[in-house]
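Visitor: this one's structure only:
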């Protein structure tokens, strides 16, 4: 009984007994003064108008702006710093951070031990980084509109949402445009990044050393690269859209034990998917359509299972240079290939003949690009006919022993189709800038 009584008393003393709703009016230093005078648990209601930034929230508070309050950092440092647990910032416009990359200037920064922060329903405009979750656990960044800087050099911009060493972060329902990366998650774990929209960025989602986490239901339109999962383990990448991204739709670079499923990549990327030194990944139920290369598979990637995917209308369905056969079916179910002239006489949905997407001439063309001048020569066509007729002469490569007869369909809402067409038109008019996503050392 005594222990129970002590526990109840401890909980009561930890709660704010006199939490109040405090009205804050615009004015020089008014927001900083309101924070300094507030008690833990208070709700500060900012009336419409402009407030000076550079404020630090050092106790559990809620800031609400009703969509009409603007906090301006006046071009110096971070606009709002959260340095206490259980802080919420809602309904604000936050702008005017500094542009110091070394200091990670941001619209809103969540520091270590500022756990359970909520950043919701805000507009973060023109800041270096939109939201920097810098060590706080279990943060929630939801339903914000984030528009970054438009520096001509994309690599010199900041990220929409930067997550560093912040386990349990939820990033959901945000719209992120311009800046560098939509979400850059670095040295973190157990995060969930879902149902966000990314446009006009370098990477939509960029993972480095982020484990046991989920990227799902996101939409990437017109970015240089959609979803880059790098040096990370046990990541779920599912039900995302990559529409007219420029270089890659999905990249697995030194990524292991990932579950990649239900994603659509379409619309002219150089590679729909790039798998580089990535092992033991399950890749299923995806649709890779209209890219220069459907899937580029290289650098000794081993023990990956690919099944139930669709490769449709890619100029080269698979690019794989190897001397041994790699089976791309699993438990009697392979993938759909738009260029496989197969038959299904028994009606089981599986083609009656296996499919090899590459032949000897593909290997020669990849290793000796100058040989492409001979592509239409009769001798080349004779070699390809002979290999198709006598598979034993093939040099090794991808084999699908159970190709599917029908492709999985993944619907795209009409509003995203409109955005996709606009992104393609802008790209055709302006060309590309300084980004090179193949330079891994720059990441």
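Guide: Structure received. Just so you know, these numbers come straight off a predicted model, no measurement behind them.
Visitor: going forward, measure contacts and count neighbours with C-alpha atoms only.
Guide: Will do.
Visitor: which helices and strands sit right next to the longest strand anywhere in the chain?
Guide: Secondary structure of the chain per DSSP state E: the longest strand is strand 62-72. On a contact count with 3 or more C-alpha pairs under 8 Å, 6 or more residues apart in numbering; DSSP states H and E, strand 62-72 meets strand 43-46, strand 49-52, strand 88-95.
Visitor: what's the angle from the helix or strand harbouring residue 110 to strand 62-72?
Guide: According to DSSP states H and E, residue 110 maps onto strand 106-111. Our comparison of strand 106-111 with strand 62-72, counting by axes from the mean of the first three to the mean of the last three C-alpha atoms, to 10 degrees, yields an angle of 140 degrees.
Visitor: tell me which residues of strand 106-111 are tucked away?
Guide: 106-111 (16 or more other C-alpha atoms under 10 Å).
Visitor: which other helices and strands contact whichever helix or strand comes after the longest strand of the chain?
Guide: On the C-terminal side of strand 62-72, the nearest following helix or strand under DSSP H and E is strand 80-82. Strand 80-82 sits against strand 55-57, strand 106-111, with contacts defined as 3+ C-alpha pairs under 8 Å, 6+ apart.
Visitor: out of those, which comes closest to residue 72?
Guide: Smallest distance to residue 72 across the helices and strands packed on strand 80-82 (C-alpha to C-alpha): 9.0 Å, for strand 106-111.
Visitor: who's in contact with the closest one?
Guide: Strand 106-111 has contacts (C-alpha atoms under 8 Å, 6 or more residues apart in numbering) with 77-83, 94-98, 117, 124, 127-136.
Visitor: list the neighbours of the helix or strand just after that strand that are in contact with it.
Guide: As assigned by DSSP H and E, the chain's next helix or strand after strand 106-111 is strand 118-120. With contact meaning C-alpha under 8 Å, 6+ apart, strand 118-120 is reached by 86-91, 139-144.
Visitor: most neighbours among those residues, please name it.
Guide: residue 139 (28 neighbours; other C-alpha atoms under 10 Å).
Visitor: and that one, backbone torsions?
Guide: Dihedral pair for residue 139: phi -70, psi 150, per degrees, to the nearest 10.
Visitor: still on that earlier bit, which of the buried residues of strand 106-111 lies closest to residue 293?
Guide: Of all those, residue 293 sits closest to residue 106, with 37.6 Å by C-alpha to C-alpha.
Visitor: quick check: bridge partners of that closest one?
Guide: Here residue 106 sits in beta bridges with residue 129, as judged by DSSP bridges.
Visitor: which pLDDT value goes with it?
Guide: For residue 106, the model assigns a pLDDT of 98.
Visitor: now residue 302
Guide: 87.
Visitor: residue 139 versus the residue lying closest to it once chain neighbours are set aside, what's the distance?
Guide: What sits nearest to residue 302 in space, not counting adjacent residues and going by C-alpha to C-alpha, 6 or more residues apart in numbering, is residue 279, at 5.0 Å. To residue 139, residue 279 is 31 Å away according to C-alpha to C-alpha, to the nearest Å.
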